[in-house]
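Enquirer: Below is the sequence, then the predicted model.
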Amino acid sequence: AGPAYEYKTYANACDGSLLYNSDGKPKGKIPSQIWPTLRAFLVSVITMGLFVVGTGKFPLLDPSDPQNATPVVLTAEFLARPWIQRYLYQWVALFFIRQKYYFAWKNAEGANNIWYAGFEGFDDQGNVKGWEAASNVRIVEFETAPNVKTLSAMWNMKTANWLSRYVYIRTGGSLTATYGLSAFWHGFYPGYYMFFLSVPILTFCERVGRKKLTPRFATSGSKWSPWGIVTMLSTSFVVEYMVAAFQLLSYDWAVANWKSHLFFGHILCFVFYGALSILPSPKKKDV
């Protein structure tokens, strides 16, 4: 489940070289691991509670037989509801499903911090660098991400770093290879590939949007500006549509779910990209 980090980080924590010099003297004032451990543990308990309670009230799959029974979001009774009600339900259901990942990663973060494997060490002046070596998710930043780039960077962070370093860079920036390998790592359910191979479409839209629209509407660099809020909501709106395939797993279920939403996520992306591609780029302001 992660977090993944380089073997050298693990080895340095094991032999003590992360904290001490070869002569046995501390490299700096060794910080207490109590709060970094306890903080991660408390977050993991809260997220587990949210997962158990939330998925009980808003299940995506049939709790009685999730692998075989028709998912809740594909039953005839559910599909008879108004579209906006169905989509908001799915949005909330996926939010609660994410809590189990937060639980696992925060629990693992605390387990690493308790023996300093999550400690980043000291700089040349003996100052503490931080406790990010085993941090695998930034929950608030992920939930409020204004774009797919930030979304990907804040989720499963150590795996994202590995994919960037060993796949994306080495394949000349191929999004298909990067996300394709990520899907392969998860397993062989079609839903994994349907989701991960849809993400590059979102990325292409984001790039053209940043080039053609952001200079026109962004009045500040804050994501809480009016433009930032628009990008935040639109990112979440489309991603929640696509990520449903990841959770439904089955090809038939994933397609049926996308069909119940009239494939709006993919259609919007293609229309958005096509329209902005012919839109002239804004002129650069004179400095």
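Expert: That came through, no problem. Numbers count the residues shown, from 1 in each chain.

Enquirer: how about the helices in the stretch 101-250 of the chain?
Expert: Along the stretch 101-250 of the chain, counting by DSSP state H, counting those that start in this stretch, helices occupy 139-143, 148-154, 157-163, 175-186, 190-196, 199-212, 214-217, 226-248.

Enquirer: want to throw those into a markdown table with distance to residue 51 and mean pLDDT?
Expert: Heads up, the C-betas are built off the backbone N, CA and C, glycines and all. Shown next, in a markdown table, are those (distance: least, Cβ to Cβ, whole Å; pLDDT from 0 to 100):
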| stretch | distance to residue 51 | mean pLDDT |
| --- | --- | --- |
| helix 139-143 | 13 | 96 |
| helix 148-154 | 19 | 90 |
| helix 157-163 | 20 | 90 |
| helix 175-186 | 19 | 92 |
| helix 190-196 | 20 | 96 |
| helix 199-212 | 24 | 92 |
| helix 214-217 | 35 | 88 |
| helix 226-248 | 13 | 94 |
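
Enquirer: Highest mean neighbour count across these, which stretch is it?
Expert: Of all these, helix 190-196 has the most neighbours on average by mean count of other Cβ atoms under 10 Å, namely a mean of 21.

Enquirer: so what does that helix touch, helix or strand wise?
Expert: Contacts defined by 3 or more Cβ pairs under 8 Å, 6 or more residues apart in numbering; DSSP states H and E place helix 190-196 against helix 175-186, helix 226-248, helix 251-260.

Enquirer: any chance of those helices in JSON lines, plus distance to residue 32?
Expert: Formatted as JSON lines, these follow (distance: least, Cβ to Cβ, whole Å):
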{"stretch": "helix 175-186", "distance to residue 32": "36"}
{"stretch": "helix 226-248", "distance to residue 32": "36"}
{"stretch": "helix 251-260", "distance to residue 32": "47"}
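
Enquirer: low-confidence ranges in the chain?
Expert: 1, 285-287 (pLDDT under 70).

Enquirer: center of it - which residue?
Expert: Centroid check for the chain by Cα atoms, centre = their mean gives residue 155 as the closest residue, at 3.0 Å.

Enquirer: could you list every residue that touches residue 191?
Expert: Going by Cβ atoms under 8 Å, 6 or more residues apart in numbering, residue 191 touches 245-251, 253-254.

Enquirer: want to throw these into a markdown table with distance to residue 226?
Expert: Output for the contacts of residue 191, formatted as a markdown table (distance: Cβ to Cβ, whole Å):
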| residue | distance to residue 226 |
| --- | --- |
| 245 | 31 |
| 246 | 31 |
| 247 | 32 |
| 248 | 34 |
| 249 | 38 |
| 250 | 40 |
| 251 | 40 |
| 253 | 37 |
| 254 | 34 |
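
Enquirer: Check these and tell me the two furthest apart.
Expert: In the contacts of residue 191, two members sit farther apart than any others by Cβ to Cβ. They are 247 and 251, at 13.5 Å.

Enquirer: correct me, but residue 272 touches residue 209?
Expert: Yes - using Cβ atoms under 8 Å, residue 272 is in contact with residue 209, at 7.3 Å.

Enquirer: Need the residues touching each of those two.
Expert: Joint contacts of residue 272 and residue 209 (Cβ under 8 Å, 6+ apart) do not exist.

Enquirer: re earlier: out of the helices and strands packed on helix 190-196, nearest to residue 276?
Expert: Using Cβ to Cβ, the helices and strands packed on helix 190-196 put helix 226-248 closest to residue 276, at 13.3 Å.

Enquirer: just the CA coordinates of that closest one, formatted as PDB?
Expert: The C-alpha coordinates for helix 226-248 follow below in PDB (Å, rounded to 0.1, in the frame of the first residue of the first chain):
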ATOM      1  CA  PRO A 226     -13.000  33.200  -8.500                       C
ATOM      2  CA  TRP A 227     -11.000  31.600 -11.300                       C
ATOM      3  CA  GLY A 228      -9.300  29.200  -8.900                       C
ATOM      4  CA  ILE A 229     -12.700  28.100  -7.500                       C
ATOM      5  CA  VAL A 230     -14.000  27.500 -11.100                       C
ATOM      6  CA  THR A 231     -11.000  25.300 -11.900                       C
ATOM      7  CA  MET A 232     -11.300  23.500  -8.600                       C
ATOM      8  CA  LEU A 233     -14.900  22.600  -9.100                       C
ATOM      9  CA  SER A 234     -14.600  21.700 -12.800                       C
ATOM     10  CA  THR A 235     -11.600  19.500 -12.100                       C
ATOM     11  CA  SER A 236     -13.500  17.600  -9.400                       C
ATOM     12  CA  PHE A 237     -16.700  17.500 -11.500                       C
ATOM     13  CA  VAL A 238     -15.000  15.700 -14.400                       C
ATOM     14  CA  VAL A 239     -12.600  13.500 -12.400                       C
ATOM     15  CA  GLU A 240     -15.400  12.100 -10.300                       C
ATOM     16  CA  TYR A 241     -17.100  11.000 -13.500                       C
ATOM     17  CA  MET A 242     -14.000   9.200 -14.800                       C
ATOM     18  CA  VAL A 243     -12.800   7.700 -11.500                       C
ATOM     19  CA  ALA A 244     -16.000   5.800 -11.100                       C
ATOM     20  CA  ALA A 245     -14.700   3.200 -13.500                       C
ATOM     21  CA  PHE A 246     -11.700   2.600 -11.100                       C
ATOM     22  CA  GLN A 247     -14.100   1.600  -8.400                       C
ATOM     23  CA  LEU A 248     -16.700  -0.300 -10.500                       C
END
